[in-house]
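**Q** Need the 3D shape of this:
(one chain, ligands or ions: 2)
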Amino acid sequence: MDAEVRARVALVSDLRAGLDAGQLFLVYQPQVDIATGRIVGLEALARWRHPRRGLVGPDEFIPVAEKSGLIVPLGRWVIRTACRQAKLWFDAGIAPAFVAVNVSGSQFRTPLELETTFAAVVAETGLPPARLELELTESALMDAWVEKRDVLLHLRESGVKIAIDDFGTGFSSLEYLSRFPVDRIKIPRCFMQDLGGGPGHAAVVKATIGLGRELGLGVVAKGVETREQLELLKTWGCREVQGYYFARPQPAEELTELLRRGELHPMRPPAPVAADGTVHPR
Ligand code: C2E
Ligand code: CA
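**A** Numbers count the residues shown, from 1 in each chain. Ligands and ions are numbered 1, 2, ... in the order given. Below is the predicted model:
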């Protein structure tokens with residue numbers, strides 16, 4: 001336990017130093033309109049290039065940042081960096097409708113900080129607020145709604161979009177959905193896994209798509225990896241998806257060409273290789 005605590009303390013101090021030293025960067029994953037292939041938005045995802053450990057994923061360092069309070073400066077950096085990048089794309093005439101950032105529940109515990117950061121970033125970058133989407137989990141949204149309703153409403157009034165991330169994994173009541181200032185709901189990746197295999201997840205996904213339609217909310221399915229998943233989602237009326245089947249998260253520089261084209265089609269499986277090593281192009 002002692003070793004574990006020491007490792008965590010070291011990680012916190014590395015993360016603090018890494019944030020100052022510019023070791024963090026963002027990658028962006030496209031969200032695609034199924035019918036047209038148009039890129040509707042990009043989700044910004046944080047990465048950390050640790051000098052000794054190499055690339056560290058957010059599943060490892062975000063919980064550490066949340067526990068230590070570092071999530072506040074980290075979250076501020078994420079919003080600023082994503083908005084600056086969105087403005088560059090906007091000025092180049094290739095920006096998608098919005099860039100989404102993940103907001104932890106703990107960032108809403110200092111809601112004024114979130115609002116101030118956002119106002120400062122908008123003033124600094126000149127990005128229209130409607131070009132930013134905040135992704136909150138159900139529980140973060142519930143907490144924010146109960147305790148910091150005014151901040152949520154201010155942000156929304158300024159034009160910022162709000163999405164519920166991993167909808168259906170929390171334990172909140174459906175009733176709140178019709179009252180919350182929400183624009184979109186995101187179906188979690190874990191629901192994609194056995195879509196064709198049984199009634200369980202398929203029923204939940206279908207119901208979520210229907211609920212979104214009835215309430216006039218956008219619905220995005222996350223973690224789409226196969227053609228079969230895409231076909232089922234299409235049949236059920238889902239319009240937007242995000243997943244490896246279309247694109248992995250990528251650094252901003254690598255996305256410029258794609259954004260210039262503005263649309264994206266499923267990644268082709270690798271060309272088959274014959275026994276003699278010949279590659280048969282598709
Ligand atoms: P998330 O919000 O659910 O983000 C989607 C995650 O699924 C990303 O992992 C993405 O790379 C991965 N993913 C996307 N498509 C596919 C797919 O088709 N198959 C599979 N297997 N995975 C897919 P990533 O980037 O490792 O992020 C993990 C989580 O870390 C995020 O989950 C989010 O909750 C959190 N996170 C990432 N960046 C930030 C940040 O800047 N702030 C906060 N607060 N949390 C962040
Ligand atoms: Ca997310």
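**Q** surely His168 meets Val204?
**A** That one is not His; residue 168 is Gly. Yes. Under the criterion of CB atoms under 8 Å, Gly168 makes contact with Val204 at 5.9 Å. C-beta coordinates here come from the backbone N, C-alpha and C atoms, glycine included.
**Q** Overlap of the contact sets of the two?
**A** Taking CB atoms under 8 Å, 6 or more residues apart in numbering as the contact rule, Gly168 and Val204 both touch Phe191.
**Q** any low-confidence regions in the stretch 1-150 of the chain?
**A** Within the stretch 1-150 of the chain, no range satisfies pLDDT under 70.
**Q** what about the strands in it?
**A** 24-33, 39-50, 54-56, 98-102, 132-137 (DSSP state E, counting those that start in this stretch).
**Q** could you dump those to CSV with distance to Arg261?
**A** As requested, these are exported to CSV (distance: least, CB to CB, whole Å):
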stretch, distance to Arg261
strand 24-33, 11
strand 39-50, 9
strand 54-56, 28
strand 98-102, 18
strand 132-137, 22
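**Q** sorry, back to before: neighbour-wise, which of Gly168 and Val204 wins?
**A** Set Gly168 next to Val204 and count neighbours by other CB atoms under 10 Å: Gly168 wins out with 20 against 16.
**Q** tell me the contacts of that one?
**A** By CB under 8 Å, 6+ apart, Gly168 lies in contact with Ile187, Pro188, Phe191, Val204, Thr208.
**Q** Surely the fourth one is in contact with Phe191?
**A** Yes. Counting by CB under 8 Å, Val204 sits close enough to Phe191 to count as a contact (6.1 Å).
**Q** which bits of the stretch 1-150 of the chain sit near ligand 1?
**A** Within reach of ligand 1 by CB under 6 Å from any ligand atom, the stretch 1-150 of the chain has these residues: Gln29, Leu45, Ala46, Gly57, Pro58, Asp59, Ile62, Val78, Asn102, Ser104.
**Q** Just the buried residues of those residues.
**A** Neighbour counting by 16 or more other CB atoms under 10 Å classes Gln29, Leu45, Ala46, Ile62, Val78, Asn102, Ser104 among these as buried.
**Q** Grab the nearest non-local neighbour of the most centrally placed residue in the chain.
**A** Nearest to the geometric centre of the chain sits Glu43, at 4.0 Å (CA atoms, centre = their mean). Excluding its sequence neighbours, the residue lying closest to Glu43 (CB to CB, 6 or more residues apart in numbering) is Ala100, at 4.5 Å.
**Q** these two touch, right, the one you found and Val40?
**A** No. With contact defined as CB under 8 Å, Ala100 does not count as touching Val40 (10.3 Å).
**Q** So which of the two has more stuff around it?
**A** Shown here are Ala100 and Val40; by other CB under 10 Å, Ala100 has more neighbours (26 against 19).
**Q** Could I get the contacting residues of that one?
**A** Counting by CB under 8 Å, 6+ apart, Ala100 touches Gln31, Gly41, Leu42, Glu43, Ala44, Leu132, Glu133, Leu134, Glu135, Lys161, Ala163.
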